[in-house]
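**Q** Provided below are the primary sequence and the corresponding predicted coordinates.
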Amino acid sequence: MARYKGPKTKISRRFGMPIYGPDKTLEKKNYPPGMHGPDKKRGRQSEYAVQLAEKQKVKYTYGILERQFYSTYLKASHKKGKTGEILLQLCETRLDNTVYRLGIAPTRPAARQLVTHRHITVNDRVVNFPSYNIRIGDIIGIRERSKSLELISNSLSNKSAKYPWLDWNERDMSGKLISYPTREQIPEPVLEHLIVELYSK
């Protein structure tokens, strides 16, 4: 599947947040990209533009293309509860994002690569679909021959963040989804209700 391969800093500057992780350029130029720089007069955005920007922010954050993201929204809209919160839960429980949250990979793109290269298992079976949705009780592990990979060992040694919906077993180098994250637990600064409003038109 095609992925965005353009300048990552440009995307981060567009939304004013480090979409792809720490960005030194963003720290220096914390204003939208453009030839006129920070002095450019930017008019008030329309309601549609604000809603669209929020949707794009989530898509770039989780690395999901439009068709797949819309399918995820439709899936969320058919479940009981707040559609926006469920939408984020479905994004958070994607296999590639879960691998990233567990600290097995330093970034989401790196996690996606580990999954597609068959280094990751779910319930002791290799799964190479980044979009695979993890269910409560599922065990996310690392193939035995992949546990010595430098990328994985470095990422795990530098892991600092812990998430209450995930449990990590240091000895087995495996993680478990113990619950679905609530909106308060998801750290992404997203106004998900704007995405629901956009798709509801």
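**A** Sure thing, it's come through. The shown structure was predicted, so the numbers you read here are calculated from the model rather than taken from an experiment.
**Q** what about the residue nearest to Gln45 when sequence neighbours are not counted, neighbour count?
**A** Distances taken as Cβ to Cβ, 6 or more residues apart in numbering put Ala53 closest to Gln45, at 7.4 Å, once the chain neighbours are dropped. The way it works is simple: take the backbone N, C-alpha and C, and place the C-beta from them, glycine included. Using other Cβ atoms under 10 Å, Ala53 has 15 neighbouring residues.
**Q** For Ala53, give me the pLDDT.
**A** Per-residue pLDDT puts Ala53 at 88.
**Q** Now it: which helix or strand?
**A** Assigned by DSSP states H and E, Ala53 belongs to helix 47-62.
**Q** confidence score at the residue nearest the centre of the chain?
**A** Centroid check for the chain by Cα atoms, centre = their mean gives Tyr62 as the closest residue, at 3.0 Å. On pLDDT, Tyr62 comes in at 93.
**Q** separation between it and Lys147?
**A** 26 Å (Cβ to Cβ, to the nearest Å).
**Q** same check, this time on His117
**A** Taken as Cβ to Cβ, the span from His117 to Lys147 is 14 Å.
**Q** and the gap between Ser71 and Gly141?
**A** Ser71 is 27 Å from Gly141, by Cβ to Cβ.
**Q** out of those two, which sits in the busier spot?
**A** Higher neighbour count among Ser71 and Gly141: Gly141, with 23 against 13, using other Cβ under 10 Å.
**Q** Quick check, Leu156 in contact with Ile104.
**A** Yes. Under the criterion of Cβ atoms under 8 Å, Leu156 makes contact with Ile104 at 6.7 Å.
**Q** More neighbours: those two, which one.
**A** Ile104 (29 against 18).
**Q** Is the more buried one in a helix, a strand, or coil?
**A** coil (DSSP: H, G, I helix; E, B strand; the rest coil).
**Q** Roughly how far does it sit from Ser153?
**A** For Ile104 relative to Ser153 (Cβ to Cβ), the value is 10 Å.
**Q** what's the answer for Thr182, then?
**A** On the measure of Cβ to Cβ, Thr182 and Ser153 end up 32 Å apart.
**Q** and if you look at Asn133?
**A** Applying Cβ to Cβ to Asn133 and Ser153 gives a distance of 27 Å.
**Q** Same check on Arg67?
**A** 36 Å.
**Q** how many neighbours does Asp172 have?
**A** For Asp172, using other Cβ under 10 Å, the count is 11.
**Q** Could I get the phi/psi values of Arg125?
**A** phi -120, psi 130 (degrees, to the nearest 10).
**Q** Per-residue pLDDT of it, please?
**A** What the model reports as pLDDT for Arg125 is 97.
**Q** Next, count neighbours for it.
**A** Neighbour number of Arg125 under other Cβ under 10 Å is 7.
**Q** That one bridge partners, please.
**A** Val122 (DSSP bridges).
**Q** Which residue ranges make up the domains of the protein?
**A** For the chain, automatic domain parsing gives the domain ranges 8-90+188-200, 94-179.
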